[in-house]
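**Student:** test case, fold it:
(chains A and B)
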Protein chains: 2
Amino acid sequence: MRGNLLYGQSGGPTAVINSTAAGVFLEGLAQTEAIDRVYGAHHGIVGILEDDLFDLTEEDRRELLLLKQTPSSVLGSCRYKLADPEVDETDYARILEIFRKYNIRYFFYNGGNDSMDTCQKISAYLVAKQYECKVIGLPKTIDNDLVGTDHSPGYGSAARYIATTLMEIHQDATVYERGQITVVEIMGRNAGWLTAAASLAQLKCCGPDLLFLPEKPFNLDQVIETCRQAYAEKHNLIIALSEGVKTEEGKFLPELEADLATDAFGHKQMGGAAQALVDILQQHIPTKYRYIELSLMQRCSAHLASRQDVDEAFLLGSSAVQAAIAGTSDVMVALKRPEQGIYRPEICLVPLREVANYEKAIPLDWIKPDHTGMTQEFYDYALPLINGRPDLVLDEDGLPRFAHLRLKPVSEK
Amino acid sequence: MRGNLLYGQSGGPTAVINSTAAGVFLEGLAQTEAIDRVYGAHHGIVGILEDDLFDLTEEDRRELLLLKQTPSSVLGSCRYKLADPEVDETDYARILEIFRKYNIRYFFYNGGNDSMDTCQKISAYLVAKQYECKVIGLPKTIDNDLVGTDHSPGYGSAARYIATTLMEIHQDATVYERGQITVVEIMGRNAGWLTAAASLAQLKCCGPDLLFLPEKPFNLDQVIETCRQAYAEKHNLIIALSEGVKTEEGKFLPELEADLATDAFGHKQMGGAAQALVDILQQHIPTKYRYIELSLMQRCSAHLASRQDVDEAFLLGSSAVQAAIAGTSDVMVALKRPEQGIYRPEICLVPLREVANYEKAIPLDWIKPDHTGMTQEFYDYALPLINGRPDLVLDEDGLPRFAHLRLKPVSEK
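**Tutor:** A predicted model of the protein is given here:
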């Protein structure tokens, strides 16, 4: 069916979500027999609800290609959760109104678990209202916790950043003759995929000594004892700590800390997990401490993206457009790993209902029980995902050249 | 004079100090008419005092070349300060003993202000004792606060990391529709050169909105008002904050915070400057906050080194060896910028006494008085230093290949 294309981005940014956007835009612009105009939603679903769309049809194609090396969500993102349509239909009716207004017949939504939920609800509503529109979800999350796909675009680049950075931090943090404990905090509220990536630095001789993932119980006494023994042995300890580790009472480390410390203004001081662990450890193991949060850098460092990840993200975008034009709807495009042989992922389609709101944790038997690292299964899984460096276009001063889009508001047409 | 060469590293590591080491080692090994063996001190001056040296004469030359892309101090570092020789001669006598034992006739010490002081004191002592040895200091500091040289090796790479990372953080931190204040803490206890590098991201359209350097007084009320106005205007604010900013009472921001907050164990909680500024600002400007510390990454990210910096660091190392063999002593090798025309620095020699214990602050008139950035003079100064990316050798998994040295202890000979 002939009509217009709309694409939106949602949730936390990654180094490669714009590569998926580039895949959608360039394929959409090439499919002139099915698609008239290519639109983008400003701040995801919020931009649709507020009639705040961009027209990308006239963008310079070279700038669109530069999206492959431009981190974060170029259209803006959101964390808006749609109501259950059986309880409150308001948002859905508004979305349908906007889709009719702009003759949207191909809709692509790029995000994580919540976004696939959004996608599925919209898809079901449009079907119920007999409005013909192909709806496809595009996976994205550095956390790698999406089910239905071998891995999520964004993870490989974040993992490459984490592995490289842990190698470099190791070189730096072990340089003095006196001892030190360095705690590096890594993202992942419920899943330890990113923290596990720190183990790839170990493979190269210089990674963390201990890893703590949210999949394993975090018994504070045992953790202190494990750290004490490791420090006594090595005299210089690097710990990779997931922000998502929880004590047996179900508390995140900063919550535990907040119970203890209240500042002079009466509000609870809430640092990160690494800072909290350092505060705890220094009561028990006297030495010098440093905590490091990889913070936003682990998800936005496009300069250190994995080429494999960039290329897969782009391919998922263009494949989704092709699948939609071929008549597919109500699915997420996903990556499937061949059973054996050289890693070359295939594109597959997974029903949205099989993806929405599930979370994929790391297999427990991939985590060494003594917290010293991951097993070979994890290496085999992760190493192909971080490989290759992109041909980064730099400007005359040696800094990255990000895409400059005009982002023409649709209402000005 | 024929003899052996000894090289040591001191102070905080950088991304390129090992490139200087490579220059010293490879030139030292090539100068077979003057130099028999090439030694390295384990943990700088501490290794000399403890008779803990490595013999690098038999190292694989390809591995030595890989030092150009291996961050941090490969021999280990120290922060040991020699006593005034007129007060306590013990350390100097021991150093002379070790120099005699290993026939050290060429000594190179790589570090910042304090290391040049160490270097000068050793040089003076050896002269006084009529022990013939050429002593040359090699500059190194990401802080760029060494006098006598146009800039210090290490600064260009750290500045390239900071500019690139601020561009990427900007993309990420401005992605949501709701407002946010992001405070990025950058190293530099007394000098704002590194924080100033964040302004290079502004040139590329996406840097911090406000910069606070230690060279300018940090009046808390004015800073809050400046932030309030900027946030009201932009609704999304990124602040580059030097760890070294001080209030008018002479307190660093974390000290101010520590006066206010004491945790349940009775010890003062000491976060970073960014965390402290966030704690202060959120009493006055209600919005979402995030603080980010660039921490060790800004000094050890060899994957993002400036090629100019790597090459200059190497050249300083090899030039120092040549100068010493030609009979020069008691100097620091330094970089001189041509008065005009294309940037191509010359190597020059500066007496150690003109360098030791001085600090070079950023010219005050290079800092815009409204805290919004730096002037063109700074851009002209800094841009040539961050340019070019090194031809990074990666391993089969796409991770950096660091040098693997044998580091043979000398006592085993």
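**Student:** can you check the pLDDT for the closest residue to residue A:277 other than its chain neighbours?
**Tutor:** Taking C-beta to C-beta, 6 or more residues apart in numbering or on different chains, and ignoring the residues beside it in sequence, residue A:277 has residue A:183 as its nearest neighbour in space, at 5.3 Å. All C-beta atoms are positioned from the backbone trio N, CA, C, and that covers glycine. The predicted structure scores residue A:183 at 98 on the pLDDT scale.
**Student:** what does residue A:79 give?
**Tutor:** According to the per-residue confidence, residue A:79 scores 89 in pLDDT.
**Student:** would you mind measuring from it to residue B:251?
**Tutor:** Counting by C-beta to C-beta, to the nearest Å, the separation of residue A:79 from residue B:251 is 38 Å.
**Student:** quick check: mean pLDDT of the helix or strand harbouring residue A:308?
**Tutor:** Under the criterion of DSSP states H and E, residue A:308 resides in helix A:307-325. Average pLDDT, helix A:307-325: 98.
**Student:** what about the strands in the stretch 251-400 of chain A?
**Tutor:** Along the stretch 251-400 of chain A, counting by DSSP state E, counting those that start in this stretch, strands occupy A:288-293, A:331-336, A:346-351.
**Student:** can you tell me which helices and strands the last one packs against?
**Tutor:** Read it as strand A:346-351. Under the contact criterion of 3 or more C-beta pairs under 8 Å, 6 or more residues apart in numbering or on different chains; DSSP states H and E, the helices and strands touching strand A:346-351 comprise helix A:307-325, strand A:331-336.
**Student:** minimum distance to chain B: which of the ones you listed has it?
**Tutor:** Distance to chain B, taken as C-beta to the nearest C-beta, is lowest for helix A:307-325 among the helices and strands packed on strand A:346-351, at 7.9 Å.
**Student:** which parts of the closest one are buried?
**Tutor:** Residues of helix A:307-325 classed as buried: A:307-321, A:323-325 (neighbour count, 16 or more other C-beta atoms under 10 Å in any protein chain shown).
**Student:** as CSV, could you dump the C-alpha coordinates of it?
**Tutor:** What follows is helix A:307-325, C-alpha atoms only, in CSV (Å, rounded to 0.1, in the frame of the first residue of the first chain):
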residue,chain,number,x,y,z
ARG,A,307,31.8,-2.0,13.2
GLN,A,308,29.8,-5.3,13.4
ASP,A,309,27.3,-3.5,15.6
VAL,A,310,27.0,-0.4,13.4
ASP,A,311,26.5,-2.5,10.3
GLU,A,312,23.9,-4.8,11.9
ALA,A,313,22.0,-1.8,13.3
PHE,A,314,21.9,-0.3,9.8
LEU,A,315,20.9,-3.6,8.2
LEU,A,316,18.0,-4.1,10.7
GLY,A,317,16.7,-0.7,9.7
SER,A,318,16.7,-1.3,6.0
SER,A,319,15.4,-4.9,6.4
ALA,A,320,12.5,-3.6,8.5
VAL,A,321,11.4,-1.2,5.7
GLN,A,322,11.7,-4.0,3.1
ALA,A,323,9.7,-6.4,5.3
ALA,A,324,6.9,-3.8,5.9
ILE,A,325,6.6,-3.1,2.2
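**Student:** gap between that helix and the chain center?
**Tutor:** Averaged C-alpha coordinates place helix A:307-325 at 16 Å from its chain's average position (C-alpha atoms, centre = their mean, to the nearest Å).
**Student:** who in the stretch 51-200 of chain A is up against chain B?
**Tutor:** Near chain B, the residues belonging to the stretch 51-200 of chain A are A:70-73, A:76-79, A:160, A:163-165, A:167-169, A:171-173, A:175-177, A:200 when assessed by C-beta under 8 Å from any C-beta of the partner chain.
**Student:** one more pass at 6 Å, please.
**Tutor:** Taking C-beta under 6 Å from any C-beta of the partner chain as the test, the list of the stretch 51-200 of chain A residues beside chain B reads A:71-73, A:76-77, A:163-164, A:168-169, A:171-172, A:175-177.
**Student:** any quick ChimeraX command for the buried ones out of those residues?
**Tutor:** One line in ChimeraX is enough to select the buried ones among those; burial here means 16+ other C-beta under 10 Å:
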select /A:71,72,73,76,77,163,164,168,169,171,172,175,176,177
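**Student:** can you tell me which two in the residues of the stretch 51-200 of chain A next to chain B are farthest apart?
**Tutor:** Across those, the two members that end up farthest from each other (C-beta to C-beta) are A:76 and A:177, 49.3 Å apart.
**Student:** isn't residue A:147 up against residue A:357?
**Tutor:** No - shown here, residue A:147 and residue A:357 do not form a contact pair, counting by C-beta atoms under 6 Å, at 9.5 Å.
**Student:** neighbour-wise, which of these two wins?
**Tutor:** The neighbour count for residue A:147 versus residue A:357, taken as other C-beta atoms under 10 Å in any protein chain shown, is higher for residue A:147 (18 against 11).
**Student:** contact partners for that one?
**Tutor:** Listed by C-beta atoms under 6 Å, 6 or more residues apart in numbering or on different chains, the contact set of residue A:147 reads A:355, A:358, A:360.
**Student:** quick one: distance of stretch A:348-364 to the chain centre.
**Tutor:** The gap between the average C-alpha position of stretch A:348-364 and the chain average comes to 14 Å, counting by C-alpha atoms, centre = their mean.
**Student:** quick check: buried residues in it?
**Tutor:** Of the residues in stretch A:348-364, those buried under the neighbour-count criterion (16+ other C-beta under 10 Å) are A:349-350, A:352, A:355-356, A:360, A:362.
**Student:** of these, closest to residue A:219?
**Tutor:** Nearest to residue A:219 out of the buried residues of stretch A:348-364 is residue A:362 (C-beta to C-beta; 18.8 Å).
**Student:** give me phi/psi at the residue nearest to the closest one when sequence neighbours are not counted?
**Tutor:** What sits nearest to residue A:362 in space, not counting adjacent residues and going by C-beta to C-beta, 6+ apart, is residue A:192, at 5.0 Å. According to degrees, to the nearest 10, the main-chain angles of residue A:192 amount to phi -100, psi 20.
**Student:** which one is residue A:42 nearest to, not counting chain neighbours?
**Tutor:** Leaving aside its chain neighbours, residue A:42 sits nearest to residue A:52 (4.3 Å; criterion: C-beta to C-beta, 6+ apart).
**Student:** what's around that neighbour, how many residues?
**Tutor:** Using other C-beta under 10 Å, residue A:52 has 17 neighbouring residues.
**Student:** also the one 4 residues further on?
**Tutor:** As a burial measure, the neighbour count of residue A:56 was computed by other C-beta under 10 Å and equals 26.
**Student:** repeat for residue A:336
**Tutor:** The local packing of residue A:336 (other C-beta under 10 Å) involves 13 other residues.
**Student:** that one touches residue A:347, doesn't it?
**Tutor:** No - contact between residue A:336 and residue A:347 fails when scored by C-beta under 6 Å: they sit 7.5 Å apart.
**Student:** now the common contact residues for those two.
**Tutor:** Where contact means C-beta under 6 Å, 6+ apart, no residue is in contact with each of residue A:336 and residue A:347.
**Student:** now tell me which helix or strand of chain A has the poorest mean pLDDT.
**Tutor:** The helix or strand of chain A with the poorest confidence is helix A:253-260; it has a mean of 74 (mean pLDDT, DSSP states H and E).
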